[in-house]
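Student: Take a look and give me a structure for this.
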Amino acid sequence: QVQLVESGGGLVQAGGSLRLSCAASGRTFTSYPMAWFRQAPGKEREFVARISPRGIVTDYADSVKGRFTISRDNAKSTVYLQMNSLKPDETAVYYCAARIRGGVGGMSAPDYDGWGQGTQVTVSA
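Tutor: Residues are numbered from 1 along each chain as shown. Presented below is the predicted three-dimensional model:
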């Protein structure tokens with residue numbers, strides 16, 4: 001099993017930036033597709049970005065393209081989410097996710113079977 005611990009959330013003004021980190025335990029991090037999701041109060045968890053095991057392939061939700069960047073450092077077993085030009089409606093709990101069971105990680109929450117506890121991101125107007 002893998003443990004995921006997110007950090008880097010906080011309060012930022014609209015237009016500001018934050019960098020989220022997700023540190024993973026376990027020796028097979030390099031084999032996991034990883035992703036970031038977010039969930040606002042009263043809303044479903046939504047896909048933000050994903051990255052392939054070696055970091056070669058990335059995908060983003062249309063709403064964050066050009067502003068967010070997902071990356072990973074396999075030597076540190078860590079995945080990052082750089083968020084720029086943040087908007088108030090992006091206030092949410094941001095979750096790191098891993099696909100542990102093999103195969104390709106998609107853009108839906110059921111595609112992933114390892115989750116962190118989440119980190120709160122609040123964007124003020």
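
Student: Of all residues in this protein, which one is nearest the centre?
Tutor: residue 36 (2.1 Å; C-alpha atoms, centre = their mean).

Student: Skipping adjacent residues, who's closest to that residue in space?
Tutor: Nearest residue to residue 36, sequence neighbours excluded (C-beta to C-beta, 6 or more residues apart in numbering): residue 48, at 4.3 Å. C-beta here means a position set from N, CA and C on the backbone, and glycine is covered the same way.

Student: Let me know how buried the one you found is, in neighbour terms.
Tutor: 25 (other C-beta atoms under 10 Å).

Student: From residue 1, how far out is it?
Tutor: Plainly put, residue 48 is 24 Å away from residue 1 if you go by C-beta to C-beta, to the nearest Å.

Student: and what of residue 123?
Tutor: From residue 123 over to residue 1 (counting by C-beta to C-beta), the distance is 33 Å.

Student: With residue 19 instead?
Tutor: Counting by C-beta to C-beta - residue 19 and residue 1 are separated by 27 Å.

Student: who has more neighbours, the two?
Tutor: residue 19 (14 against 7).

Student: Is that one in a helix, a strand, or coil?
Tutor: strand (DSSP: H, G, I helix; E, B strand; the rest coil).

Student: which residue sits closest to residue 30, ignoring its sequence neighbours?
Tutor: That would be residue 74: by C-beta to C-beta, 6+ apart, it lies 4.6 Å from residue 30.

Student: Now the phi/psi pair for that neighbour, please.
Tutor: phi -70, psi -30 (degrees, to the nearest 10).

Student: got the contact list for it?
Tutor: Applying C-beta atoms under 8 Å, 6 or more residues apart in numbering, we find residue 74 in contact with 29, 30, 53, 54, 55.

Student: Output the residues you listed as a markdown table; include the columns distance to residue 112.
Tutor: Output for those, formatted as a markdown table (distance: C-beta to C-beta, whole Å):
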| residue | distance to residue 112 |
| --- | --- |
| 29 | 14 |
| 30 | 17 |
| 53 | 13 |
| 54 | 18 |
| 55 | 17 |
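
Student: Sweet, I'm off.
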